[in-house]
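Peer 1: fold the following and give me the result.
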Amino acid sequence: MLRKASLSSLESLFTSCEEILKPLPKQIFEACKKALDGDEKQATMFSNRFKKVAEILHSGDSELHKIYFVALVCRACEIIDEPDSFSLNNLSRKALRVRAVSDFYYSHSAVLYHLSIPERSTSTLPQLIAEIIWSSPAIGIQHGLLSGLTNLPCGPIRANVMIVDPNFRSFQCLDVRSEENQRLLVQTDAFAVSGGFFLFSEAPILEPSKRTDPVGALFSNGEMINPPLFSRGSLIEIEEGVRVEVIDIIDWTFEVNVEQSGVCVLKRKITHRNVNVDVDTNTCVAYNRAYGMKTPTLLSNCIAISVVNTKLNSITNASTSVDIPLAGIVIICNFSGEELCYDKLSNQVIWVRPQNSPKILNCMSAGPMLVSNSSVDIDKDREDFTKNAPPVTFSQDETFDTNLLPRMGCGMKSNNEIVFVAVDGRDMEAPGVTLHMLAEILLELGCVSAVNFDGGSSKRMIIGGQDVDTHSTEVRGAGSGGGSGGGGRGSLGPCTDVEDCGSHDNEDIKINALPICFQTLKRFFSTRPTSRCPRNTQ
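Peer 2: Numbers count the residues shown, from 1 in each chain. Model (predicted):
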């Protein structure tokens with residue numbers, strides 16, 4: 001239908017896209033519903049978001065606004081008209097691409113809006129950080145607001161910053177799908193941030209996985225809730241202290257039991273030293289979705305063991321490729337038996353960390369790493385953010401980190417303080433940042449290592465029991481809820497709320513955004529003077 005549009009001028013193309021837009025939200029809904037395995041709620045949210053972003057762009061009166069509007073409509077048409085086979089065997093890819101293109105043009109229209117106001121002065125990032133007014137809401141906790149119009153290509157920024165001194169505070173990674181942990185989170189004096197990724201929009205999500213299952217490592221008070229099946233940047237606490245670094249499954253061992261008629265026919269500990277490489281009959285190789293949807297074809301005398309979390313999914317020795325589970329791995333190793341027959345599988349897989357490695361007390365994986373050795377260091381391929389690895393918003397990001405979005409970053413300073421930055425987004429006065437911009441913020445705050453920790457509307461920072469950051473399940477035009485300027489085409493006009501229900505991006509399930517709670521060390525009150533708290537300016 002776009003071929004019929006006249007290319008003689010921007011105005012004629014703009015007018016043609018106005019007509020094309022009329023049925024487009026309904027078409028997007030139908031395409032997203034199919035892509036999301038019949039999920040009408042998410043399809044409606046994605047369709048509504050596109051419609052509202054189109055309204056915002058249409059209300060602008062500059063040529064760039066018109067170009068953005070035309071580009072949004074044309075790109076959306078391209079996405080929904082693509083054959084399903086283009087989706088790399090990922091049903092949800094088409095829906096997530098619609099969401100990504102909506103976020104892209106919305107956030108960059110916000111930057112355009114601020115560039116159109118010549119009298120507004122900008123500040124450098126170091127200048128804005130120097131202007132932060134720090135408060136000390138509790139011993140070992142510092143909180144401040146980073147806010148202002150930057151000279152970065154993100155326009156204005158609004159971010160809550162929490163700095164935690166591990167000398168005074170301990171932390172615990174919580175899986176808040178449990179009611180007990182939910183109660184801990186909402187206690188009146190809680191200090192918490194959201195972190196980690198979970199399954200939501202990556203259709204189809206097949207058993208034994210389910211929505212809200214964590215992706216990546218999760219340890220809580222020494223208990224392993226989810227093993228490190230993906231190589232991911234993580235916040236890790238061991239007995240010697242806290243680290244921000246990559247954790248992976250290399251050199252871990254697991255034990256599995258297979259029985260036939262009550263007799264154990266396979267019980268072994270397997271160490272797999274290779275991940276996502278060619279099959280080797282002399283060693284074990286592990287495959288996750290960063291390799292693809294299927295493993296290589298099994299060689300003779302090899303078995304494939306499919307594992308999801310701590311559960312055994314299947315075992316096969318057929319000379320074929322094996323489906324790789326969405327949030328799990330398939331381990332291929334040699335097997336000396338002529339035939340693998342069994343009538344009972346042990347449901348539980350026992351994971352053992354590498355020898356001589358420190359015991360993990362708390363760990364939460366997210367990624368990618370943003371800063372290493374005091375330099376920006378982002379390598380998504382290194383951390384299994386490729387092919388069909390969840391979350392696909394990263395592994396299949398066709399904007400190449402140009403989307404301005406709500407973000408949560410976590411970093412470590414040289415003095416071992418932990419820094420959390422919750423960046424608001426999807427607002428004309430706070431459109432969000434890219435991963436590289438988030439890395440620059442954490443560097444300027446003094447971090448020597450840092451990781452992307454969360455994003456979207458599940459991003460939360462709780463200070464003394466109060467949620468301090470802006471929820472981002474809506475896109476806002478200038479003048480709606482804190483923005484400057486009134487309605488009308490010149491200011492892009494106000495925008496009504498748009499719900500979002502994406503991968504780790506849904507207000508309704510924000511309680512599953514895996515927080516870290518900081519609790520005062522009991523020994524502090526008898527051994528630590530209050531004067532040790534840094535930067536207490538209020």
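
Peer 1: which parts of stretch 39-52 are buried?
Peer 2: Asp39, Gln42, Ala43, Thr44, Met45, Phe46, Ser47, Asn48, Arg49, Phe50, Lys51, Lys52 (16 or more other C-beta atoms under 10 Å). (C-beta placed from N, C-alpha, C; glycine too.)

Peer 1: what of stretch 407-415?
Peer 2: In stretch 407-415, counting by 16+ other C-beta under 10 Å, buried: Arg407, Met408, Gly409, Cys410, Gly411, Met412, Lys413.

Peer 1: what's the burial count for Ala203?
Peer 2: 23 (other C-beta atoms under 10 Å).

Peer 1: just the buried residues of stretch 39-52 now: which is nearest Cys32?
Peer 2: Within these, proximity to Cys32 (C-beta to C-beta) peaks at Ala43, which comes in at 3.9 Å.

Peer 1: residue contacts, the closest one?
Peer 2: Ile28, Phe29, Glu30, Cys32, Lys33, Leu36, Ala95 (C-beta atoms under 8 Å, 6 or more residues apart in numbering).

Peer 1: would JSON lines of these with pLDDT, distance to Ser300 and neighbour count be doable?
Peer 2: Formatted as JSON lines, the contacts of Ala43 follow (pLDDT from 0 to 100; distance: C-beta to C-beta, whole Å; neighbours: other C-beta atoms under 10 Å):
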{"residue": "Ile28", "pLDDT": "94", "distance to Ser300": "49", "neighbour count": "26"}
{"residue": "Phe29", "pLDDT": "94", "distance to Ser300": "50", "neighbour count": "21"}
{"residue": "Glu30", "pLDDT": "93", "distance to Ser300": "47", "neighbour count": "13"}
{"residue": "Cys32", "pLDDT": "89", "distance to Ser300": "44", "neighbour count": "28"}
{"residue": "Lys33", "pLDDT": "89", "distance to Ser300": "45", "neighbour count": "19"}
{"residue": "Leu36", "pLDDT": "84", "distance to Ser300": "40", "neighbour count": "23"}
{"residue": "Ala95", "pLDDT": "84", "distance to Ser300": "41", "neighbour count": "29"}
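
Peer 1: from these, which land in helices?
Peer 2: Assigned to helices by DSSP state H, the following of the contacts of Ala43 qualify: Ile28, Phe29, Glu30, Cys32, Lys33, Ala95.

Peer 1: okay, how far is it across stretch 413-420, tip to tip?
Peer 2: Start-to-end span of stretch 413-420 (C-alpha to C-alpha, to the nearest Å) is 11 Å.

Peer 1: tell me where this protein has helices.
Peer 2: 10-21, 24-35, 40-59, 63-81, 93-115, 125-130, 179-185, 392-395, 435-444, 524-527.

Peer 1: just tell me which of those ends up closest to Ile238.
Peer 2: helix 524-527 (20.6 Å).

Peer 1: about what we covered before: now the buried residues of stretch 39-52 as CSV including pLDDT and distance to Met162?
Peer 2: Conversion of the buried residues of stretch 39-52 to CSV gives the following (pLDDT from 0 to 100; distance: C-beta to C-beta, whole Å):
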residue, pLDDT, distance to Met162
Asp39, 87, 34
Gln42, 86, 31
Ala43, 90, 36
Thr44, 92, 35
Met45, 89, 30
Phe46, 90, 32
Ser47, 93, 36
Asn48, 92, 33
Arg49, 91, 29
Phe50, 94, 34
Lys51, 95, 36
Lys52, 92, 31
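
Peer 1: need the residues you listed in CSV with distance to Leu128, can you?
Peer 2: As requested, the buried residues of stretch 39-52 are exported to CSV (distance: C-beta to C-beta, whole Å):
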residue, distance to Leu128
Asp39, 40
Gln42, 36
Ala43, 39
Thr44, 38
Met45, 33
Phe46, 33
Ser47, 37
Asn48, 33
Arg49, 29
Phe50, 32
Lys51, 34
Lys52, 29
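
Peer 1: could you point out which of those is nearest to Met437?
Peer 2: The closest of these, once distances to Met437 are taken by C-beta to C-beta, is Arg49, at 22.2 Å.

Peer 1: quick one: that closest one from Gln42, how far?
Peer 2: 11 Å (C-beta to C-beta, to the nearest Å).

Peer 1: and for Gly155?
Peer 2: On the measure of C-beta to C-beta, Gly155 and Gln42 end up 29 Å apart.

Peer 1: before we move on, what about Pro23?
Peer 2: 20 Å.

Peer 1: go on, Asp278?
Peer 2: 38 Å.

Peer 1: and Gly241, by the same measure?
Peer 2: 41 Å.

Peer 1: which intervals of the protein have sub-threshold pLDDT?
Peer 2: 1-8, 84-92, 178, 181-188, 258-272, 280-281, 336-347, 472-474, 476-538 (pLDDT under 70).

Peer 1: let me see the domain layout of it.
Peer 2: 2-115, 125-245+357-532, 253-352 (automatic domain parsing).

Peer 1: rewinding a little: which one of the buried residues of stretch 39-52 is nearest Glu18?
Peer 2: Closest to Glu18, out of all of those and judged by C-beta to C-beta, is Lys51, at 13.1 Å.

Peer 1: run a quick neighbour tally on the nearest residue to the closest one once chain neighbours are set aside.
Peer 2: In this structure, Lys51 finds its nearest non-sequential neighbour in Pro25, 4.4 Å apart by C-beta to C-beta, 6 or more residues apart in numbering. Pro25: 19 surrounding residues under other C-beta under 10 Å.

Peer 1: Glu180 now?
Peer 2: Glu180 has 9 nearby residues by other C-beta under 10 Å.

Peer 1: about what we covered before: just send the helices of the chain back as a markdown table, with distance to Glu237 too.
Peer 2: Below are the helices of the chain laid out as a markdown table (distance: least, C-beta to C-beta, whole Å):
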| stretch | distance to Glu237 |
| --- | --- |
| helix 10-21 | 51 |
| helix 24-35 | 39 |
| helix 40-59 | 35 |
| helix 63-81 | 42 |
| helix 93-115 | 33 |
| helix 125-130 | 27 |
| helix 179-185 | 17 |
| helix 392-395 | 24 |
| helix 435-444 | 19 |
| helix 524-527 | 17 |
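
Peer 1: how near is the residue nearest to Lys51 to His108?
Peer 2: In terms of C-beta to C-beta, Pro25 sits 21 Å off from His108.

Peer 1: and for Leu442?
Peer 2: Going from Leu442 to His108 by C-beta to C-beta gives 23 Å.

Peer 1: those two: who's more crowded?
Peer 2: It is Leu442, of Leu442 and His108, that has more neighbours when counted by other C-beta under 10 Å, with 28 against 21.

Peer 1: do I have it right that the more buried one meets Lys413?
Peer 2: No - the criterion here is C-beta atoms under 8 Å, and Leu442 misses it with Lys413 at 9.6 Å.

Peer 1: now do the shared contacts for those two.
Peer 2: Going by C-beta under 8 Å, 6+ apart, residues that sit against Leu442 and also against Lys413 are Val419.

Peer 1: tell me the backbone dihedrals of the closest residue to Asn388 other than its chain neighbours, please.
Peer 2: Take Asn388 and drop its neighbours on the chain: the residue closest to it by C-beta to C-beta, 6+ apart is Arg289, 4.4 Å away. Here is the backbone geometry of Arg289 (degrees, to the nearest 10): phi -70, psi -10.
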